[in-house]
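> output the structure for:
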Amino acid sequence: MRVRHKPWAIDMIKDYPNIVIPEPDQAQGKWDQVFDQAQPLHVEVGTGKGQFLIGMAKAHPEINYVGIEMYSDVLVMALQKVLDEDQDLPNLRFIRSDGREISNFFEARSLDRLYLNFSDPWPKRRHTKRRLTSPNFLAQYQEVLKPEGEIHFKTDNQGLFEYSLASMSQYGMAFRQVWLDLHASDFEGNIMTEYEEKFAAKGQPIYRLEAYYPQHES
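Take a look at the predicted model:
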């Protein structure tokens, strides 16, 4: 989905350093100080317009959330949604950066969960390494996740889902659950992204999985 350029986006983002962390690398190992309370930490890579993470932050005030989004024109829409909320969300922060930098922002074994929602499928073979479930990304996630940490992944793209199942399995990961049609299942508590609403309205199946690194288990 093409997003219109917003020349004012960067300036607006800079006006809210309490929501969009200006130097996230300085927060590494100090996220308990960034948030009002020390709580479990969940991170979404590619947070987009923020609907999913805002919904999660509202539904689970006992968890701290960080959304990573590299495009200012997109992230500013998430920021606007937070500002439009009737309630404060002290458990939600954003980072404007590339997900490939995740290990620069969070110390080893510090995250309880990672979300990957409707990531770019990069369908061409030569772009495989750009997929957020390719081995180079899985290695970074393994570094920052706690031993019991999980990756929760959702997509409408069957090819990306099949690739992700194979990539994670070959990397040595295991799956707690896999859904081939999430909205036709009995899964409770699902919060939809903007893309998910669009695709589900067209009757497209939504694929979902929960994965973990068993070598971390004690």
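> now the helices for this structure?
Ranges of helices in the chain, per DSSP state H, are 9-14, 31-34, 51-59, 72-84, 102-105, 135-144, 158-171, 194-201.
> what angle sits between the longest strand belonging to the chain and helix 51-59?
As assigned by DSSP state E, the longest strand anywhere in the chain is strand 145-155. Counting by axes from the mean of the first three to the mean of the last three C-alpha atoms, to 10 degrees, strand 145-155 lies at 130 degrees to helix 51-59.
> tell me the strands beside strand 145-155, with direction?
In the sheet, strand 145-155 lines up against strand 111-117 (parallel), strand 207-212 (antiparallel) (DSSP bridges).
> kindly present those as CSV, with separate columns for mean pLDDT and mean neighbour count.
Using the backbone N, CA and C atoms, a C-beta is placed for each residue, glycine as well. Formatted as CSV, the strands paired with strand 145-155 follow (pLDDT from 0 to 100; neighbours: other C-beta atoms under 10 Å):
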stretch, mean pLDDT, mean neighbour count
strand 111-117, 98, 22
strand 207-212, 98, 21
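> for those strands, give me TSV that also has distance to Asn64.
As requested, the strands paired with strand 145-155 are exported to TSV (distance: least, C-beta to C-beta, whole Å):
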stretch	distance to Asn64
strand 111-117	9
strand 207-212	20
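> mind checking those for the one nearest to Asp88?
Of all the strands paired with strand 145-155, strand 111-117 sits nearest to Asp88, with 22.0 Å by C-beta to C-beta.
> is it true that Tyr163 touches Pro135?
No - under the criterion of C-beta atoms under 8 Å, Tyr163 is not in contact with Pro135, lying 11.3 Å apart.
> number of nearby residues for Ile19?
For Ile19, the count of nearby residues is 15 (other C-beta atoms under 10 Å).
> what pLDDT does it get?
pLDDT recorded at Ile19 is 97.
> and it, what is it in contact with?
Going by C-beta atoms under 8 Å, 6 or more residues apart in numbering, Ile19 touches 79, 82, 92-94.
> how about the residue nearest to the spatial centre of the chain: what's its closest non-neighbour residue?
Nearest to the geometric centre of the chain sits Glu44, at 1.7 Å (C-alpha atoms, centre = their mean). Nearest non-adjacent residue to Glu44, counting by C-beta to C-beta, 6 or more residues apart in numbering: Tyr115, 4.1 Å away.
> hey, what's the one you found bridged with?
Glu44, His152.
> residues contacting it?
Counting by C-beta under 8 Å, 6+ apart, Tyr115 has contacts 42-45, 52-53, 151-153.
> so where's the protein shaky on pLDDT?
For the chain, applying pLDDT under 70 flags the ranges 1-2, 215-218.
> change it to 90
Residues of the chain that meet the criterion pLDDT under 90 lie in 1-7, 85-88, 99-100, 215-218.
> noted, bye for now.
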